[in-house]
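Asker: My questions concern the predicted model and sequence given below.
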Amino acid sequence: SAVISQKPSRDICQRGTSLTIQCQVDSQVTMMFWYRQQPGQSLTLIATANQGSEATYESGFVIDKFPISRPNLTFSTLTVSNMSPEDSSIYLCSVVRDTEAFFGQGTRLTVV
Amino acid sequence: AQSVTQLGSHVSVSEGALVLLRCNYSSSVPPYLFWYVQYPNQGLQLLLKYTSAATLVKGINGFEAEFKKSETSFHLTKPSAHMSDAAEYFCAVSDQPGNTGKLIFGQGTTLQVKP
């Protein structure tokens, strides 16, 4: 299994500001994944974070809006920039072990 | 392109009754398929996975699913529902065996269990 810690667990932010979400894994992994779950919706992959290279973003997501850092093999951050109420979602970090994806508890973001 | 369709956004069963949650997928290559459960205000937990081995897959909490290539389906079943099964269930697909972190999720099915 994998133990994934996300911080913060929730936050309420003003529009126009930015929030950085941290994800810490209990052991080294090559790839880390960031997902978004909008209210009442399913999960959508935002990007894949690799250590030592730029993140790979999925269609509809851009680096200027969701910059990602991956300074080492156990840690990653996702920043939600210039937030608007439409960014209100749960953001989840994920890693894979033995073909199984493990997810953090998520960060519940509300933008007001 | 891959896609996943879960038929029925809400399913309601009585306690002790059969649970059937439907999932159909589309993939141009042999897929890896997963069922996840999400309890209120919690993260996702893997119930079971199909990775091209046995077509009938048994998971945790008494759940199982059968991969049917001819029907492109991976329906989730449990013979007898328990109140604690009430949750959101997601079917997911990956067509990259070397990168199963890149998942396409279905829309989710909310399971209600009535006493």
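Answerer: Noted; the coordinates are in hand.
Asker: And the residue nearest the centre of chain B, how far from chain A?
Answerer: Centroid-nearest residue in chain B: residue B:35, 3.3 Å away (criterion: CA atoms, centre = their mean). According to CB to the nearest CB, to the nearest Å, residue B:35 stands 12 Å off from chain A. Backbone N, C-alpha and C define where each C-beta goes, glycine included.
Asker: Please list all residues in contact with the most far-flung residue of chain B relative to its centre.
Answerer: Farthest-out residue of chain B from its mean C-alpha position, per CA atoms, centre = their mean: residue B:115, at 23.1 Å. Contacts for residue B:115 (CB atoms under 8 Å, 6 or more residues apart in numbering or on different chains) come out as B:14-15, B:83.
Asker: Which one (most neighbours) among these?
Answerer: Highest neighbour count within the contacts of residue B:115, by other CB atoms under 10 Å in any protein chain shown: residue B:15, with 14 neighbours.
Asker: That one against residue B:78, yeah?
Answerer: No. Using CB atoms under 8 Å, residue B:15 is not in contact with residue B:78; the gap is 11.7 Å.
Asker: ok, the residue farthest from the centre of chain B to residue B:13 distance?
Answerer: 11 Å (CB to CB, to the nearest Å).
Asker: and what of residue A:40?
Answerer: Taking CB to CB, one finds residue A:40 at 21 Å from residue B:13.
Asker: These two - which one has more neighbours?
Answerer: Using other CB under 10 Å as the criterion, residue A:40 and residue B:13 rank with residue B:13 on top: 18 against 10.
Asker: The nearest residue in space to the more buried one that is not next to it in sequence sits in which helix or strand?
Answerer: Nearest residue to residue B:13, sequence neighbours excluded (CB to CB, 6 or more residues apart in numbering or on different chains): residue B:81, at 4.9 Å. Of the helices and strands defined by DSSP states H and E, none includes residue B:81.
Asker: contacting residues for residue B:81?
Answerer: Contacts of residue B:81 by CB under 8 Å, 6+ apart are B:13-19, B:111, B:113.
Asker: repeat that for 7 Å
Answerer: B:13, B:15-17, B:19, B:113 (CB atoms under 7 Å, 6 or more residues apart in numbering or on different chains).
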